[in-house]
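A.B. asks: Got a predicted structure here, sequence first:
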Amino acid sequence: MVKVLEKSGCTVSYNTGQTCCGQPAFNAGFWDEAKSVCTKFLKDFSGSDYIVAPSASCAGFVRNYYSKLFENSSLHHEVQDISKRIFEFSEFMLRVLKVEDVGATLNGKATYHDSCAGLRECKIKEEPRKLLSHVKGLTLTEMNDVETCCGFGGTFAVKFEAISIGMGEQKVENALVTGADYLISTDISCLMHLQGYIKQKGYSLKTMHLADVLASGW
C-alpha cells in the first residue's frame, strides 16, 4: 500500500509504535478496555493530513464508532477530526487522490469480494473495481452473491465455527465458478478466512489484497 501511495505522489510515514484500532474489544463488549486502546490510536495518528488503512474494517470502525465510545468526553473534538481524516485505501485513491491507473500489471482472471466493512461501513463498491479495471492483463468477473458475507466476522468465526466455515465455503465455491485465478478483496481478515478454506481443500485459487495487486508489475 505504501508503495502504491508513494508512486501516486504521497509522502507516507509509518508509525511502528501503532497498535490495534480497538474494534475487537469493542465488539466483544469490553468498552473500557477498548477506550484505552482507542485513546492510544488517537495519539498515534495525530498530526497527519490523512490516515490510510488497508482495511475497511478498521477505517469503518474509527469513522463510525469512535464517536459513540467517546461521547461527551474531552476527546470528542479529536474524534470528530480523525473521522474526517481516515480512509480505506481504495476510497482514498479514488476520492482524494483521484487516481485510477497506477500502472499495475497482473496476468490472469480475477473475481472481487465485497467485504462487509467495505460495503456497509465505508460504502465502498465501485472504487476497488475501477482500480482493478486498469490493471493490465487482468480480467475481472463478478461472482454470484458477491455482497454476501464470507463468514469471518471477527469473533463470529470463533463463536459459530460451523456456520462461519459454511459461509466461507459458499464464497469460495462462487469464486471458483467464475474461473478466477485470483480472489481479491480490501480486507485481509476476509482473505485470511477464505485462504484457510482454500488451503484445506487444496484449491489453486489465490487470495490477494487489492494493494498487492496494484503494486504488481512495476
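C.D. replies: Done, it's in.

A.B. asks: ok, and for the biggest strand by length in the chain, which residues are buried?
C.D. replies: Looking across the chain with DSSP state E, the single longest strand is strand 105-112. For strand 105-112, the neighbour count (16 or more other CB atoms under 10 Å) marks 106, 110, 111, 112 as buried. Heads up, the C-betas are built off the backbone N, CA and C, glycines and all.

A.B. asks: now stretch 24-34
C.D. replies: Buried-residue list, stretch 24-34, by 16+ other CB under 10 Å: 25, 26, 34.

A.B. asks: Quick check: the last one vs residue 214, distance?
C.D. replies: Plainly put, residue 34 is 32 Å away from residue 214 if you go by CB to CB, to the nearest Å.

A.B. asks: Same question for residue 191.
C.D. replies: From residue 191 to residue 214 the distance is 15 Å (CB to CB).

A.B. asks: tell me how far the longest strand of the chain is from the chain's mean position?
C.D. replies: Distance, stretch centre to chain centre, for strand 105-112: 18 Å (CA atoms, centre = their mean, to the nearest Å).

A.B. asks: So which of the buried residues of strand 105-112 is the closest to residue 67?
C.D. replies: Nearest to residue 67 among the buried residues of strand 105-112, counting by CB to CB, is residue 112 at 30.2 Å.

A.B. asks: packing partners for the helix or strand that the longest strand of the chain is followed by?
C.D. replies: Sequence order places helix 116 as the next helix or strand after strand 105-112, per DSSP states H and E. Applying 3 or more CB pairs under 8 Å, 6 or more residues apart in numbering; DSSP states H and E, one finds that helix 116 contacts no other helix or strand.

A.B. asks: who's in contact with helix 116?
C.D. replies: 149, 153 (CB atoms under 8 Å, 6 or more residues apart in numbering).
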